[in-house]
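K.L.:
Build me a structure from this.
(one chain, ligands or ions: 2)
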Amino acid sequence: MSTKLADKLYGSERPEPVQREALTNGQIPVAVYGLGKMGLPLASVYAETTGNVTGADVDPDVVETINSGGCHVKREPGLDAFVSELVADESLTATPEPRDAAARANVHVVIVPTPITDEHEPDLAILDAVVEDIATGLSRGDLVIIECTVPPQTTAHRVRSTLESKSGLELGEFGLAFCPERTSSGRALEDIRGAYPKVVGGADNESTRAATLIYEEINSKGVLPVSDTTTAEAVKVFEGLYRDVNIALANELATMTDELGIDVNEAIEVANTQPFCNIHDPGPGVGGHCIPFYPYFVIEPFETETPLIETARAVNDSMPQFAIDKLREEFDAEGMAFEDSSILLLGLTYRPGVEEIRASPSLDIAAIGSEWGADMYGVDPMLDDTSAFDLTQLDLEDIYEQSFDAVVMVTHHDDFDDIRWDEISRSEGQLVVIDGRDTLDLDGSDHRVYTIGGGYV
Ligand SMILES: NC(=O)C1=CN([C@@H]2O[C@H](COP(=O)(O)OP(=O)(O)OC[C@H]3O[C@@H](n4cnc5c(N)ncnc54)[C@H](O)[C@@H]3O)[C@@H](O)[C@H]2O)C=CC1
Ligand SMILES: CC(=O)N[C@@H]1[C@@H](OP(=O)(O)OP(=O)(O)OC[C@H]2O[C@@H](n3ccc(=O)[nH]c3=O)[C@H](O)[C@@H]2O)O[C@H](C(=O)O)[C@@H](O)[C@@H]1O
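P.N.:
Numbers count the residues shown, from 1 in each chain. Ligands and ions are numbered 1, 2, ... in the order given. Model prediction:
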């Protein structure tokens, strides 16, 4: 017997103010599936809005931490205290059993990963498992919202058919919408509460209406309703594709720096003074668990040729090699064998301030350098465990205790602002510095600096 309360949003004929009241006074139980870097902040904002959220996560440690008022998601300003407060007033509880959450919820919000396989195929097994769990508890008037990024058409086809086949209900008896998470780590609460409007795409008009009502209560920037779930999925993926392709343009232009004989970064900066030009920043690679992978949500599942998207991916994937090739050119010019060198990488996470190493450029740079026989070292103040990198981890203060032949700035964490560059020594000759992010000002040093996109200064 479902323990669900009578209040439902989808298909409700009560005046919308009454529906909003039911939502915000906790009469409409919500379940959020996935309590990770994005899921926990999302569940917390839902709990702040409705006062009645069950978070479901298959990781028992995650559940135990949350139910004890703790927060396993680090470096999200305000999240620790927020979770503790919400758990204390019972607005948020967690369960390791998604089916239990499904049995009591009338609104089901899904935010779990869709990894990419080694063959670059989107792996929807996690999403499938969650949707099946939801179907076991789905009842008339429920609304299912997918927030995690998925290949376009996933919600309309795969999710809808699983919900219908496993629950015995049909769309129209329950609602279904895709409402993408447009959030960045490090500012999740700010983004979820309203950095940008919330995109809402319903599988039918009533799903769009019900989801819009919810996100008008959550997102201060309001809602952007679109035609359907596939359009909303495309919006999210297109945002990521735009970024990957435009970073690739910047990177390809950066590889032309030496032949052009200019500072390409300077040219990019000035070109961007035109409102229709927004060339991104060149760098030693594109990391994270989103931008390098979203292209495969379009490349793999669809027949249409996508040469631009695939080429952009290849350009970005080539940048770690470009960065270390610049080092090799310098060593060759000095007549020094690469395998006799010692190289320090600064910044191992994929971007500053975020403790995430997936597809981080330093992974490939360290692997190539080690393969070529160099002694590779790495510093990253955010990481305790660097075993995924083919290098020896150093603390920041250690870098002054030994000599290096080269330093590569891969990810410029704030802690690196205070590096005493004149104290980094080379056994003989000039220290070679590859400034991967154009963030260093070493004009006063006697180091030999190559800036990606800027050439030798
Ligand atoms: N992390 C980011 O910067 C952003 C992520 N997203 C989207 O959000 C999705 C989730 O991202 P994160 O929260 O960073 O992932 P995450 O890896 O930090 O967390 C995923 C959570 O889901 C849980 N989980 C796995 N299988 C489950 C199941 N069957 N039932 C319930 N929970 C399950 C895991 O235990 C984990 O706690 C991403 O795939 C992406 O589509 C969107 C915008 C930003
Ligand atoms: C379109 C867009 O900006 N998406 C954002 C992106 O955030 P993410 O955490 O992946 O960081 P990011 O700033 O895109 O950087 C990804 C990678 O690309 C590199 N990068 C970034 C911008 C640039 O001009 N040059 C460059 O080389 C970064 O160093 C990093 O290695 O992906 C998030 C996501 O969807 O997970 C999304 O919510 C964020 O809004």
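K.L.:
if I look at the residue nearest to the spatial centre of the chain, how far off is ligand 2?
P.N.:
Nearest residue to the geometric centre of the chain (C-alpha atoms, centre = their mean): residue 290, 4.6 Å. As defined by C-beta to the nearest ligand atom, to the nearest Å, residue 290 lies at a distance of 3 Å from ligand 2. (Glycine included, C-beta is placed from N, CA and C.)
K.L.:
Residue 136 now?
P.N.:
Noted for residue 136: a distance of 29 Å to ligand 2, by C-beta to the nearest ligand atom.
K.L.:
Excluding sequence neighbours, find me the nearest residue to that residue.
P.N.:
Nearest residue to residue 136, sequence neighbours excluded (C-beta to C-beta, 6 or more residues apart in numbering): residue 99, at 5.1 Å.
K.L.:
show me the contacts for that neighbour.
P.N.:
Residues counted as contacts of residue 99 (C-beta atoms under 8 Å, 6 or more residues apart in numbering) are 133, 136-137.
K.L.:
Same check on residue 180?
P.N.:
Applying C-beta under 8 Å, 6+ apart, we find residue 180 in contact with 147, 149, 199, 232-233, 235-236.
K.L.:
in what helix or strand does residue 252 lie?
P.N.:
Counting by DSSP states H and E, the element that carries residue 252 is helix 229-254.
K.L.:
Please identify the buried residues of that helix?
P.N.:
229-230, 232-237, 239-241, 243-245, 247-248, 250-254 (16 or more other C-beta atoms under 10 Å).
K.L.:
again, but for stretch 10-27
P.N.:
So stretch 10-27, judged by 16+ other C-beta under 10 Å, has buried residues 10-12, 19, 22-24, 26-27.
K.L.:
Helices - which of the residues you listed land there?
P.N.:
Using DSSP state H, the subset of the buried residues of stretch 10-27 located in helices is 19, 22-24.
K.L.:
Kindly state the domain boundaries assigned to the chain.
P.N.:
The chain breaks down into these domains under automatic domain parsing: 16-228, 317-456.
K.L.:
Can you pull the residues of the stretch 51-200 of the chain lying near ligand 1?
P.N.:
56-59, 62, 98, 111-114, 126, 129-130, 148-149, 181, 183-185 (C-beta under 6 Å from any ligand atom).
K.L.:
if we can go back for a sec, adding mean pLDDT, write the domains of the chain out as a markdown table.
P.N.:
Formatted as a markdown table, the domains of the chain follow (pLDDT from 0 to 100):
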| stretch | mean pLDDT |
| --- | --- |
| domain 16-228 | 97 |
| domain 317-456 | 96 |
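K.L.:
so who does residue 113 touch?
P.N.:
Going by C-beta under 8 Å, 6+ apart, residue 113 touches 34, 36, 126, 148, 289.
K.L.:
Please name the nearest non-neighbouring residue to residue 271.
P.N.:
Counting by C-beta to C-beta, 6+ apart, the residue nearest residue 271 is residue 277, at 5.0 Å.
K.L.:
Neighbours of that neighbour, how many?
P.N.:
Residue 277 sits with 10 neighbouring residues when counted by other C-beta atoms under 10 Å.
K.L.:
I'd like to know how far it sits from ligand 1.
P.N.:
26 Å.
K.L.:
So which of the residues of the stretch 51-200 of the chain next to ligand 1 belong to helices?
P.N.:
The helices, defined by DSSP H, take in 62, 98, 126, 129-130 from those.
K.L.:
could you dump the residues you listed to JSON lines with neighbour count?
P.N.:
Listed next are those as JSON lines, based on neighbours: other C-beta atoms under 10 Å:
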{"residue": "62", "neighbour count": "22"}
{"residue": "98", "neighbour count": "27"}
{"residue": "126", "neighbour count": "17"}
{"residue": "129", "neighbour count": "15"}
{"residue": "130", "neighbour count": "25"}
